[in-house]
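Peer 1: sharing a sequence plus its predicted fold:
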Amino acid sequence: MKSISGKKFCKLVKDKGWILKRINGSHYIYGKQGTDNLLVIPVHKNDDLKTGLLKSLMKLSGIEENEL
């Protein structure tokens, strides 16, 4: 699986229609109208997201691996 930073993933979810609700420290929290799910994306410098977290965020946001 390709790795990606939190900043870049934030750009992807924004393009998919997710809206930044709030920022709590270094965690960006996105929501989308029509769903109760929230995406909590850690943005720590330019560090890549861990594989398990990335897979979970991709599943919730509807982003496919080929879009990374």
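Peer 2: It's in.
Peer 1: going forward, measure contacts and count neighbours with C-alpha atoms only.
Peer 2: Noted.
Peer 1: now the helix or strand where Tyr28 lies - C-alpha only, CSV.
Peer 2: Of the helices and strands defined by DSSP states H and E, Tyr28 is found in strand 27-31. Below are the C-alpha coordinates for strand 27-31, written out as CSV (Å, rounded to 0.1, in the frame of the first residue of the first chain):
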residue,chain,number,x,y,z
HIS,A,27,-6.0,16.3,14.6
TYR,A,28,-8.2,17.6,11.8
ILE,A,29,-11.8,16.5,12.1
TYR,A,30,-13.9,16.2,8.9
GLY,A,31,-17.6,15.6,8.5
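Peer 1: helices or strands next to that strand in the packing?
Peer 2: If contacts are counted by 3 or more Cα pairs under 8 Å, 6 or more residues apart in numbering; DSSP states H and E, strand 27-31 sits against strand 19-24, strand 38-42.
Peer 1: who's in contact with that strand?
Peer 2: Residues outside strand 27-31 that contact it (Cα atoms under 8 Å, 6 or more residues apart in numbering): 10, 18-23, 37-43.
Peer 1: quick one: least confident of those residues?
Peer 2: The lowest pLDDT within the contacts of strand 27-31 belongs to Asn37, which sits at 93.
Peer 1: that one is in contact with Gly62, isn't it?
Peer 2: No: Asn37 is not in contact with Gly62 according to Cα atoms under 8 Å; the separation is 11.6 Å.
Peer 1: spell out the secondary structure type for the most far-flung residue of the chain relative to its centre.
Peer 2: Largest separation from the mean C-alpha position in the chain: Gly34, at 17.4 Å (Cα atoms, centre = their mean). Under the three-state scheme (DSSP: H, G, I helix; E, B strand; the rest coil), Gly34 adopts coil.
Peer 1: fine by me, thanks again.
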